[in-house]
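Predicted structure and sequence below. I'll ask about it afterward.
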Number of protein chains: 2
Amino acid sequence: MARTTSLSGFTEWLPEERLVELHVLDTLREVFERHGFASIESRAVETIDTLLQKGEIDKEIYAVSRLQEEAGRDARLALHFDLTVPFARYVVENAGHLDFPFRRYQIQKVWRGERPQDGRYREFTQADIDLVGDGALPFRSDVEIGVVMAKALEALPIGDFMLRVNNRKLSEGFYRSIGVTDTTAVLRAIDKLEKIGAEKVSEELVSSGAATPEQAQQALQLAAIRATDTSFVPAVSALLGEKQADELLEAGLAELEEVVAELNKRVPGRVTADLSIARGLDYYTGTVYETVLLGHESLGSICSGGRYESLASKGRRSFPGVGLSIGVTRLVSRILAEGGLSASRKVPAAVFVALRSDADWGAAQDVADALRTRGINVEVALQAEKFGKQIRHADRRGIPYVWFTEGDGAHEVKDIRSGDQTSADPQSWVPAAQDLLPRIVESATD
Amino acid sequence: MARTTSLSGFTEWLPEERLVELHVLDTLREVFERHGFASIESRAVETIDTLLQKGEIDKEIYAVSRLQEEAGRDARLALHFDLTVPFARYVVENAGHLDFPFRRYQIQKVWRGERPQDGRYREFTQADIDLVGDGALPFRSDVEIGVVMAKALEALPIGDFMLRVNNRKLSEGFYRSIGVTDTTAVLRAIDKLEKIGAEKVSEELVSSGAATPEQAQQALQLAAIRATDTSFVPAVSALLGEKQADELLEAGLAELEEVVAELNKRVPGRVTADLSIARGLDYYTGTVYETVLLGHESLGSICSGGRYESLASKGRRSFPGVGLSIGVTRLVSRILAEGGLSASRKVPAAVFVALRSDADWGAAQDVADALRTRGINVEVALQAEKFGKQIRHADRRGIPYVWFTEGDGAHEVKDIRSGDQTSADPQSWVPAAQDLLPRIVESATD
């Protein structure tokens, strides 16, 4: 992990690290598919116009152009910086071929030209799930997406995590109820709470004229409400006091109550109502999610998203959706660096077939093929060397078994961890079940 | 397949097409891992300098730069156009952390700014295997890589294919034996044979001074030799006649003989010695492979590669290798367009759990979770609608089973293809084995 990369912000894993990443990606895919989500991939490039529609992110974009491009001939292109904007474009473009409601997962690289720093990459993998409707999408989708993602995260070797949930309607409805008109300005200020603190947020709200000192105070009090159950509902009512609740607030409270109650039931201990969560991006309209990895709070949110009523639209037809996105590279990096986890070996092979002489290569491949028919991954030596050297070859890679064929054609297999060597039949021998594939294990301490 | 894409040369699959691509990628991964190849990924960008070292390909490169980049601050970057050059860089950069000989597979997108046309994409997926040594790599590797790739291709639903193999040493040694000095010029001209024909190749060779008319004639006769067995060896001797065979020719003949003999033994019927194969890129030094999909010759080679003695080097340390690369996107496109294959359904789910009322959503998820524990992919309805409408929802996606829970709590499952409906227990019911996952099947004719 202390390797330097030749391009800052662009991480490349060693084969044994890649096995950990593959385990994470395979696990996510399995959980997503188990819940009916279909895979798609979008192209890596979008037109710059498409990307810029979604806000002030031009500093982060990597533009793409052919070296030999004739000026003005091609559309101005850039690498996508997330998977939500491309997905919205994909849905609109293929609406006639898709069945709604549409559940999709998408696991791809994204690129951001940000300054590389701890946990920030210029190229990284995201894993997204979204549920999108045509015209309408039942609120229940917000619950489903949270449950599926919580189950996916539970299946990963990452330890304890907590989904922090809020609802934009709740916050905005509350601000309305206390007489705020520019609710967006208040949401944006509250979004900075963790970064700049309550005092600065209050100052900003008051000096910009978005809120009176009293309103700022109440917005901050709302943001301070946290509950692992639905007790936030009476807490909000108490805070509101005599004031009339705006109907947006009522709607938001009811939605958040359902999300928290259902998640508590289906994935107990994984959800906190946290009324400070705002999510900077403007397109969220209801439920908003962040996820904290307990003990690794400095990582920031490892999985975020929410409900959007109008991210995608085609003329008067709109496609409301709800989605969540995991930053996989950051997570894998943390697993490797601090989680103490690694792959049990560096290669897929469970067996290394040694060579007595170079002329035995074909016979050794026959042995390997017999093992392979039973799903065993096998590597065959490329050349005959001293057996000690061939065993070291296997040992360096963590391959647990070395296969020998004697001069008389008898077969033996050696467990090089224990040194046990027994006779074996290529037509029937199988390794111990836990040795079949590389596993994710606690790393040996350095 | 008749969909137009919004960016020419950038293909995006529909969910049901993506399932076919996923099947191809999963199959390749399985075969590669079965033979001991480890996964790596390299970053999508390289410095332009790294890419330009490998020849005159600047027209094809997509340059990448931050929109807000300060001039001259960042290294000049571009998207990789294959996986061989990045792999060579990766090997050199991580040599101290890798174990040689190193078997790796790599499945990633690559980008080329070429004019989009039939079967050519600006973004496409490649699947590569390479076997790389430190300082030396036994020739047997050339055989292994061909066998593994032939087995991988046999596992795909693509029909018959043929590996066409040659050896650069053989061609170059032959040219030397007949008195040619600029052997590279002759190789390059022969490489154009399929495109421009024998007459033009001969003209070019003679007019450039690279060969006499007689030498050009003999080079073309060599290129006309094809054999599915090792009978090309006496054929080359006969063509050489009284002339003394250069030792490079002897070496090339021996190597190609071994490749053809071993492939015939391990993957019968999959190899032809084709002495016209040259491969344009300069770095090949021995065995060269192309692959033709029988009946789809217009696709060009679907899988190519070969031996390179010095693609990667670090000071005086060199890393010889041999590798093969499949153009996956082109292959999937052909499977879908002309192969008559498609996914048996559009989504992973085998079961759709219908809702009698919205209040039953939690109970329906309980049923789904019970099924999911047995590896069954399940989708739950988002809202209660008429059963006919819910069945159509499943039918449009090709989901074979719809699950109903009666008012009295009894469970029934309907196979919507046959209409059969039977009582079922969520704790024990399983679908027919062939319905568990989407399969690749013959498409219904349009």
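Looks like it came in fine. Residues are numbered from 1 along each chain as shown, chains lettered A, B, ... in the order given.

A:Val260 - that's part of a helix, no?
Yes: assessed by DSSP: H, G, I helix; E, B strand; the rest coil, A:Val260 belongs to a helix.

For the residue lying closest to it once chain neighbours are set aside, what is the enclosing helix or strand?
Leaving aside its chain neighbours, A:Val260 sits nearest to A:Ala273 (5.1 Å; criterion: CB to CB, 6 or more residues apart in numbering or on different chains). Backbone N, C-alpha and C define where each C-beta goes, glycine included. Under the criterion of DSSP states H and E, A:Ala273 resides in strand A:271-274.

for that strand, packing partners?
Counting by 3 or more CB pairs under 8 Å, 6 or more residues apart in numbering or on different chains; DSSP states H and E, the packing neighbours recorded for strand A:271-274 are strand A:161-167, strand A:226-227, helix A:247-266.

Let me see the contact set for the residue nearest to A:Val260.
Applying CB atoms under 8 Å, 6 or more residues apart in numbering or on different chains, one finds that A:Ala273 lies in contact with A:Arg164, A:Val165, A:Asn166, A:Ile225, A:Arg226, A:Ala227, A:Thr228, A:Thr230, A:Phe232, A:Leu256, A:Val260.

My read is that A:Val378 contacts B:Glu33, right?
No: if you go by CB atoms under 8 Å, A:Val378 and B:Glu33 don't touch, sitting 10.1 Å apart.

circling back to that earlier point, need the next SSE after the strand holding A:Ala273, C-terminal direction.
Next element after strand A:271-274 (DSSP H and E): strand A:287-293.

Toward the C-terminus, what is the element adjacent to that next one?
strand A:303-314.

strands paired with that next one, and their directions?
Applying DSSP bridges, strand A:303-314 is found paired with strand A:287-293 (antiparallel), strand A:317-327 (antiparallel).

buried set for that strand?
A:Cys303, A:Ser304, A:Gly305, A:Gly306, A:Arg307, A:Tyr308, A:Glu309, A:Leu311, A:Ala312 (16 or more other CB atoms under 10 Å in any protein chain shown).

do the same with stretch A:256-268
So for stretch A:256-268, counting by 16+ other CB under 10 Å, buried means A:Leu256, A:Glu257, A:Glu258, A:Val259, A:Val260, A:Glu262, A:Leu263, A:Arg266, A:Val267.

check contacts around the fourth one.
For A:Val259, the residues meeting the contact criterion (CB under 8 Å, 6+ apart) are A:Asp142, A:Val143, A:Gly146, A:Val165, A:Asn167, A:Val271, A:Thr287.

And it, how far from A:Arg104?
For A:Val259, the distance to A:Arg104 equals 21 Å [CB to CB, to the nearest Å].

same check, this time on the last one
The spacing between A:Val267 and A:Arg104, counted by CB to CB, is 21 Å.

Could you report the neighbour count for the closest residue to A:Arg120 other than its chain neighbours?
Once flanking residues are discounted, A:Arg120 sits nearest to A:Glu114: 5.8 Å by CB to CB, 6+ apart. Applying other CB atoms under 10 Å in any protein chain shown, we find 15 other residues in the vicinity of A:Glu114.

pretty sure A:Glu114 is in contact with A:Ile61, am I right?
No: the criterion here is CB under 8 Å, and A:Glu114 misses it with A:Ile61 at 10.4 Å.
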